[in-house]
Structure formats: structure tokens, C-alpha cells
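Novice: model the structure of this input:
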Amino acid sequence: MRKFTFNLLFFMLIFAVLVVFPFDIFLRNMNSLHKEKLKGLLTYKDSIQILILGNSHANYGVDPTQFDNYAYNLANLNQSIYFDKRLTMRYLDSLSNLRYVFINVDHHSLYTSSQGLWDIWSYYGNGIIYKDRMYLLEDVSPFLFGFKPKVSISLLKTSICNYLQYKNYKILNFKVEKGINVRDSLIKGFVTFEGTNDQLFSESHYINRANYFSELISLSDEYQEVKNDLEDFIKILLSRGIKPILFSVPQYYEYRKFIDRDNLYKYNSDISVISKKYNIEFWDYSGDSSFIKSDFYDCDHLNKTGAVKFSRILNLRLVKIENN
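Specialist: As a prediction, the model looks like this:
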């Protein structure tokens, strides 16, 4: 028994030295979209007049270079209103010229505060803690308790592939096959898809995507909490003389047919009530059929072409408001 215990401890030590420690070092020094966006925000904090928040729809769909005023895209993958608010509040005092905050709201946005697996990315990337979570074990070992081994191995593989292809292992850890041009560094916090993935334009994909959000809504018990959080965020911005603008990003019209009608109606009603209550803008482009397949990477994410087209629309609308 004593020998077995000794051998087990010896094996665990070897495993830690050869696997866990090197992986932890890699993960702690790994670049990420969260880190890059935060670095850009702090670099241009005195110039930013428009801040763009939201999940992947806004992350991929709003190109800040298309705005007349200096805009910065702080949206991120699966980023919820909870993280939008706390990330903005942490650096609000530093954004001395901020005038507008674009807040992306989708038909499911009021039903969840967590980002799921992405909560840990926010913690490692920009230090935002989800509610009362204690990240003690995650601080000890990102490999074992943070990203977890499966994801960590995938990230290492991606970094090696990026290094072999682009000679830069610290490039953003996106998989090349996702359609993102990883050679381009972020411009004003913006990164997007190249082209259209035809495999993701099928009825089965539309149904699966719509059902995913319907299930998220039906199982949620956070609606009032998230709604209150959004309204509190709006009040804080208004008290600072900053104008919030609620908006939604275009979705492919064929996909929209499979989204639950009741959920869409409630979403439109809820956000309209909030916008009227605080006398702020609500620009709903989710059902804009002028965006065609070539504007999308998949059924609910714009590609580079679509992002430029959509962002120019937002800019023109904002210019009209300023002129009035």
C-alpha cells in the first residue's frame, strides 16, 4: 500500500511537471480577443466617442471604422448585458470623450446573465468576475480548472497552427477554419468573418439555432434580474450625459421564420417599453430583409461585407440625430 501511494504521488508529480505546469504557463501568457480588446480600449480611451457592446452579433457585425465619430467595438463572443455593464463601468471614468453607447439586444438577451464557458475567458482576459464566483482553483491552474484540459489542448493546437502559417504564436486564438482572417490584427476592437459558409445555410441548421434560443428562454429564471440590470445601466449612462442606443443586428430572413413568434413579440415589446421609458433610441434591424445571403457568414452573423453595410446604416442614422 505504501509503495502504491508512493508511485501514485510520483506519477502525479511527473504529470504536473511535464504537463500541467507548462500548460499553465502557456495559458497565462496566451493572447485572446478579450485581452486585445481591452488593450485597445485603454490605448484609445481619450479618443473613443462611441462604444459598441454586445455578443457575437455585434462583435462580428459592427465595424467601427465606418463611423464618423471615433468608435470602438467592445462586444465579444456570447457577451451578456451583465458583462457589458460591468466592463463599461470599470473603465467609464477613463473614457473622457464618450458620447454614445450602443447596446446590442437580441430576442434572448434579457434571459441570461452568464456567458457559459466564456465567463472564464472574461475573468482571465479583462478581470470581470461573474456574480459571487470565487475563482480560487481557476487561479491555481487554468489547465485543470479554468479552460479545462480539452479546451486547453485545442488552444495549443490552434496556436501551433497559427505559428506555422503566420509565424506568430501569439496571434488571436481563433481557428482558421472558422472563416476569420487571423492575419489581420484588431482595428478599433473589430474582427469579423470572411465570406459565407454555405454549409450553415440549411433548414436543419436554422431549426437547431432557433430551438437553442427558445430553450434558453424557456428555462430562464433571470428575466427580471437582467431587465433591471439593463435599466440600471441605462440610468447610469444618462446620468453621465452619455446616450445609450439599443440596437439589434440583421439576421438572415430564412432563419427568422423559425424563431418563436411569441418570443419575438415579447422582445420587441419589452425593449420598446424600455426605450420609451428612458427616451432613448431602439434600432431594430434583426428582421431587415435588405441583407442578403452574401452579407452573412452564417444565418445570424454578418461577415465583413455585411458589417460594413450595416455599420454605415448605423452611422448615417446617428449623423441625422446629431444634425437635428
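Novice: helix, strand or coil for the residue nearest to the spatial centre of the chain?
Specialist: Residue closest to the mean C-alpha point of the chain, counted by CA atoms, centre = their mean, is N76 at 1.9 Å. Here N76 takes the coil state, with states given by DSSP: H, G, I helix; E, B strand; the rest coil.
Novice: got it, and W283?
Specialist: strand.
Novice: any idea how many residues pack against the spatially closest residue to it that is not a sequence neighbour?
Specialist: Using CB to CB, 6 or more residues apart in numbering and skipping residues adjacent in sequence, the residue nearest W283 is F247, 4.2 Å away. Bear in mind the C-beta positions are built from the backbone N, C-alpha and C, glycine included. By other CB atoms under 10 Å, 26 other residues sit near F247.
Novice: is it fair to say F247 lies in a strand?
Specialist: Yes: counting by three-state DSSP, F247 is found in a strand.
Novice: give the contact list for D260.
Specialist: A210, S214, I217 (CB atoms under 8 Å, 6 or more residues apart in numbering).
Novice: please repeat the previous calculation with a cut-off of 7 Å.
Specialist: The contact partners of D260, taken as CB atoms under 7 Å, 6 or more residues apart in numbering, are S214.
Novice: now it: how far from F213?
Specialist: Distance, D260 to F213, by CB to CB, to the nearest Å: 8 Å.
Novice: again, but for G61
Specialist: Per CB to CB, G61 is found 17 Å from F213.
Novice: the two: who's more crowded?
Specialist: Counted by other CB under 10 Å, G61 and F213 do not tie: G61 has more neighbours, with 36 against 17.
Novice: for the longest helix along the chain, packing partners?
Specialist: Criterion DSSP state H: the longest helix present in the chain is helix 304-323. Packing contacts for helix 304-323, counted by 3 or more CB pairs under 7 Å, 6 or more residues apart in numbering; DSSP states H and E, involve helix 56-61.
Novice: which residues touch the helix it packs on?
Specialist: 52, 73, 75-78, 104, 106, 192-193, 249, 300-302, 306-307, 310.
Novice: so what strands line up beside the helix or strand that comes right after it?
Specialist: Using DSSP states H and E, the helix or strand that follows helix 56-61 in sequence is strand 71-73. Strand 71-73 has the following sheet partners, assigned by DSSP bridges: strand 50-53 (parallel).
Novice: what about the partner strand, average pLDDT?
Specialist: Averaging pLDDT along strand 50-53 yields 98.
Novice: dump that strand to CSV, restricted to CA.
Specialist: This file holds the C-alpha atoms of strand 50-53, laid out as CSV (Å, rounded to 0.1, in the frame of the first residue of the first chain):
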residue,chain,number,x,y,z
ILE,A,50,-18.9,55.6,-29.4
LEU,A,51,-18.7,52.4,-27.5
ILE,A,52,-20.2,49.2,-29.1
LEU,A,53,-21.3,46.5,-26.7
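Novice: in the stretch 51-200 of the chain, mark out all the strands, start to finish.
Specialist: 71-73, 100-104 (DSSP state E, counting those that start in this stretch).
Novice: got a markdown table for those strands, with distance to D93, mean neighbour count and mean pLDDT too?
Specialist: Formatted as a markdown table, these follow (distance: least, CB to CB, whole Å; neighbours: other CB atoms under 10 Å; pLDDT from 0 to 100):
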| stretch | distance to D93 | mean neighbour count | mean pLDDT |
| --- | --- | --- | --- |
| strand 71-73 | 16 | 27 | 98 |
| strand 100-104 | 14 | 24 | 98 |
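Novice: for L41, which of those is the nearest?
Specialist: Closest to L41 of these is strand 71-73 (CB to CB; 6.2 Å).
Novice: how far out from the middle of the chain is the closest one?
Specialist: Put simply, strand 71-73 sits 13 Å off its chain's centre (CA atoms, centre = their mean, to the nearest Å).
Novice: just stretch 138-155 next, same as before
Specialist: The chain centroid and the centroid of stretch 138-155 are separated by 20 Å under CA atoms, centre = their mean.
Novice: for that stretch, buried residues please.
Specialist: For stretch 138-155, a neighbour-count test (16 or more other CB atoms under 10 Å) marks E138, S141, P142, F143, L144, G146, F147, V151, S152, L155 as buried.
Novice: quick one: residues in contact with that stretch.
Specialist: Contacting residues not belonging to stretch 138-155 are listed as V20, F23, D24, L27, R28, M30, I120, Y123, Y124, L137, N173 [CB under 7 Å, 6+ apart].
Novice: need the max-distance pair from those residues.
Specialist: Farthest-apart pair in the contacts of stretch 138-155 is L137 and N173; separation 22.1 Å (CB to CB).
Novice: returning to that earlier point: contacts only, for the residue nearest to W283.
Specialist: By CB under 7 Å, 6+ apart, the contact list for F247 reads F102, N104, W283, Y285.
Novice: so where do the strands sit in the stretch 201-324 of the chain?
Specialist: 243-248, 281-284, 296-298, 301-302.
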